[in-house]
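In: Need coordinates for the following:
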Amino acid sequence: MARFAKKERSIKKDAIIENTGDWNGYVKDYLNNPEDALAYLQASLDQYFEDEDMQAFLLALRNLAKAEGGLTRLAKLANVNRESLYKTLSARGNPQFKNIMNIIKSLGLSIKLEIKNYA
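Out: Got it, this is the predicted structure:
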């Protein structure tokens, strides 16, 4: 057990980013490409249809909003209260359909339905 004893360590954020890369920066750069952003959001929506867990979809919307200038900017575009938007897109969010559609529209996107073959 002694080898697992807690040690005081000082981990510098800059050192981690230098060695591993900046995840938020990578996601933001990736999502600035409209085709990549659409594929990312579609993948999260497909995941929702598989497991009915909305967290991945809400996270994708949150990440896309951050890449497009932040949640404050999106709140203004969607004409909603910023705090309400944060709550809507949180891990515990349970947004109404009209709110999701408003967010998607404000991001310059739309949703199209397609027939799925469930054989």
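
In: in the protein, what secondary structure element scores lowest on mean pLDDT?
Out: One helix or strand of the chain scores below all others by mean pLDDT, DSSP states H and E: helix 13-20, with a mean of 61.

In: Name the next helix or strand following that helix along the chain.
Out: Proceeding N to C from helix 13-20, the next assigned helix or strand is helix 23-31, under DSSP states H and E.

In: average pLDDT for the helix or strand just after that following helix?
Out: The helix or strand immediately downstream of helix 23-31 is helix 34-51, counting by DSSP H and E. For helix 34-51, the mean pLDDT works out to 89.

In: Centre of the chain to helix 34-51, how far?
Out: Relative to the chain's own centre, helix 34-51 is displaced by 10 Å; criterion: CA atoms, centre = their mean, to the nearest Å.

In: Same question for stretch 92-108.
Out: On the basis of CA atoms, centre = their mean, stretch 92-108 sits 12 Å off its chain's mean C-alpha point.

In: From start to finish, how long is it in a straight line?
Out: 25 Å (CA to CA, to the nearest Å).
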